[in-house]
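A.B. asks: coords please:
(4 chains)
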2 protein chains.
Amino acid sequence: MKRIAESTVRRLSAYLRFLEEFEAHGHQTISSGELAAQGGTTSAQVRKDLSFFGSFGKRGLGYSVSALSTSLREILGLGRQWNVVIVGAGKIGAALAQYNGFRDRGFKVVAVYDFDPARVGRTLDGVVVRDQKELESDIAKLKAHIALIAVPAEAAQQLVDRVVRAGVKAILNFAPTPLTVPAGVTLRSVNMALELEILSYALVNSDD
Amino acid sequence: MKRIAESTVRRLSAYLRFLEEFEAHGHQTISSGELAAQGGTTSAQVRKDLSFFGSFGKRGLGYSVSALSTSLREILGLGRQWNVVIVGAGKIGAALAQYNGFRDRGFKVVAVYDFDPARVGRTLDGVVVRDQKELESDIAKLKAHIALIAVPAEAAQQLVDRVVRAGVKAILNFAPTPLTVPAGVTLRSVNMALELEILSYALVNSDD
DNA sequence: GCGCTCTTGTGAATCATTTCACAAGGTAAC
DNA sequence: GTTACCTTGTGAAATGATTCACAAGAGCGC
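C.D. replies: Numbering: from 1, shown residues only, chains lettered A, B, ... in the order given. So this is what the prediction gives:
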């Protein structure tokens, strides 16, 4: 299959969210135009995005809300539970551990790790903070698929290396530093200071 | 001036971070190739990005680290302090209020708001949580430039409307829902569940 | 069945971004 | 000053993403 652009995957995710809302409201079908209006895009974009994966609609009628939901969940790999470990129990790590938005979509936080003995043993929303020494053995034992990195920038690369060696294939990084991973491992980064800097740029250039 | 792509601004921000590291290490000049290596891009990309804003380098030599840092800070609007209000003192709002990465780059959290009386009056890292009723009057009084929205999805749009009416021109949204703002206001969103779904897609499609 | 209306799926065209490739300009050694 | 060597800045080419536009189906009323 042809490689799909990240922007497309991002939109599919958004479409799924809207479909779930529509389903909750009891709607049976939805057109590409209605889906586009929700997501701030165009009907052609919606149809093109879906066309990479097949034909899901009926001409003249639109898409079956439930059938398309199911297909999108399948495409995105959301039909199953993903086990997530969080590395770093500081402010961000703790907030992530307690965030309901993950659980609701099939992502289960199975463990949280920290270096600081003062934090080890505490409970965050039902998950006990463990010592980072147990990282490698736990990842195998708990069958963790995804790691969230929420440690200071200086420590991030070494912890990424450790979770990769332990078998994790997908990482979401919150440390404000660029990281490298070997081929076959997917790394994404969320950098909140960077987002604010983009806003700063927009503020000083809003007049053109 | 021609409109600059967001991807370009994002990279400029990254370059600035590397330049600061280089400066701390006592380096005087840096080439586009060295800058590119740090940021995982190419030297041509670095030069093209900078060329939108002027000529900063010397042929045969590269860029002056300190001069380019200064120019980038100017371009990004980081030479000044931006006042930030956080709306929502739940897990995410609290983590944001206490995050040092903002302060270090000129973003000052001047106020935090919540609906819940149990949270109002608490202190988060030196900033008192205030009642949302005071939102409008405070934004004017505190000269807030940027609002971070960290409330449940259902409440997000109405709070965006309120901060926009109060004069905020830049918003960073953490609620997992699409929002609309009038022209002249910049809105960006960080959706952590969405990031995990993109990882999920990568995991189930890693074999092609 | 026929005509009317609606909406999909998709090549082609447009628009945006990245990469290439190289002339021009600058440094440094001798 | 001349030569050898670097690195920038930038048009042009290539690649990638979005939008356009329309033929092909599908439902519905009569």
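
A.B. asks: For the closest residue to A:Arg122 other than its chain neighbours, what are phi and psi?
C.D. replies: Spatially, and ignoring its direct neighbours in sequence, A:Arg122 is nearest to A:Val129 (5.0 Å; Cβ to Cβ, 6 or more residues apart in numbering or on different chains). Placement of C-beta: from N, CA and C, glycine included. Main-chain torsions, A:Val129, degrees, to the nearest 10: phi -80, psi 130.

A.B. asks: Likewise for A:Tyr201?
C.D. replies: Main-chain dihedrals, A:Tyr201, degrees, to the nearest 10: phi -60, psi -40.

A.B. asks: OK, contacts around A:Gln28?
C.D. replies: A:64-66 (Cβ atoms under 8 Å, 6 or more residues apart in numbering or on different chains).

A.B. asks: from the residues you listed, which would you call buried?
C.D. replies: When those are checked for burial by 16 or more other Cβ atoms under 10 Å in any protein chain shown, the buried set is A:64-65.

A.B. asks: Next, format the contacts of A:Gln28 as a markdown table and append pLDDT and distance to A:Ile139.
C.D. replies: Formatted as a markdown table, the contacts of A:Gln28 follow (pLDDT from 0 to 100; distance: Cβ to Cβ, whole Å):
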| residue | pLDDT | distance to A:Ile139 |
| --- | --- | --- |
| A:Ser64 | 97 | 40 |
| A:Val65 | 97 | 38 |
| A:Ser66 | 96 | 36 |
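
A.B. asks: In strands, which of the contacts of A:Gln28 fall?
C.D. replies: A:Ser64 (DSSP state E).

A.B. asks: which one of the contacts of A:Gln28 sits closest to A:Gly33?
C.D. replies: The nearest member of the contacts of A:Gln28 to A:Gly33, counting by Cβ to Cβ, is A:Val65 at 14.4 Å.

A.B. asks: And the closest one, how close does it get to chain B?
C.D. replies: Note on A:Val65: its distance to chain B, by Cβ to the nearest Cβ, to the nearest Å, is 18 Å.

A.B. asks: What strand or helix carries the spatially most central residue of chain A?
C.D. replies: For chain A, the residue nearest the mean C-alpha position is A:Leu172 (7.5 Å; Cα atoms, centre = their mean). Secondary-structure element containing A:Leu172, defined by DSSP states H and E: strand A:170-173.

A.B. asks: For that strand, C-alpha coordinates in PDB please.
C.D. replies: Output of strand A:170-173 as PDB, limited to C-alpha atoms (Å, rounded to 0.1, in the frame of the first residue of the first chain):
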ATOM      1  CA  ALA A 170       6.100   3.700  19.500                       C
ATOM      2  CA  ILE A 171       7.100   6.700  21.600                       C
ATOM      3  CA  LEU A 172       5.500  10.000  22.400                       C
ATOM      4  CA  ASN A 173       8.000  12.500  23.700                       C
END
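
A.B. asks: need the helices for chain A, in chain order.
C.D. replies: Using DSSP state H, the helices of chain A run over A:6-24, A:32-39, A:43-51, A:65-76, A:91-97, A:100-103, A:135-142, A:153-165, A:192-204.

A.B. asks: I'd like to know which elements the third one is packed against.
C.D. replies: The one in question is helix A:43-51. The contact analysis (3 or more Cβ pairs under 8 Å, 6 or more residues apart in numbering or on different chains; DSSP states H and E) places helix A:43-51 against helix A:6-24, helix A:32-39.

A.B. asks: got it, and the first one?
C.D. replies: Contact partners of helix A:6-24 among helices and strands, from 3+ Cβ pairs under 8 Å, 6+ apart: helix A:32-39, helix A:43-51, helix A:65-76, helix B:192-204.

A.B. asks: need those helices in TSV with distance to DNA strand C, can you?
C.D. replies: Shown next, in TSV, are the helices and strands packed on helix A:6-24 (distance: least, Cβ to the nearest atom of the strand, whole Å):
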stretch	distance to DNA strand C
helix A:32-39	4
helix A:43-51	4
helix A:65-76	9
helix B:192-204	18
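
A.B. asks: now for these, which one comes closest to A:Val120?
C.D. replies: With respect to A:Val120, and counting by Cβ to Cβ, the nearest of the helices and strands packed on helix A:6-24 is helix B:192-204 at 24.5 Å.

A.B. asks: by how many degrees do that closest one and helix A:65-76 diverge?
C.D. replies: Orientation check (axes from the mean of the first three to the mean of the last three Cα atoms, to 10 degrees): helix B:192-204 against helix A:65-76 gives 60 degrees.
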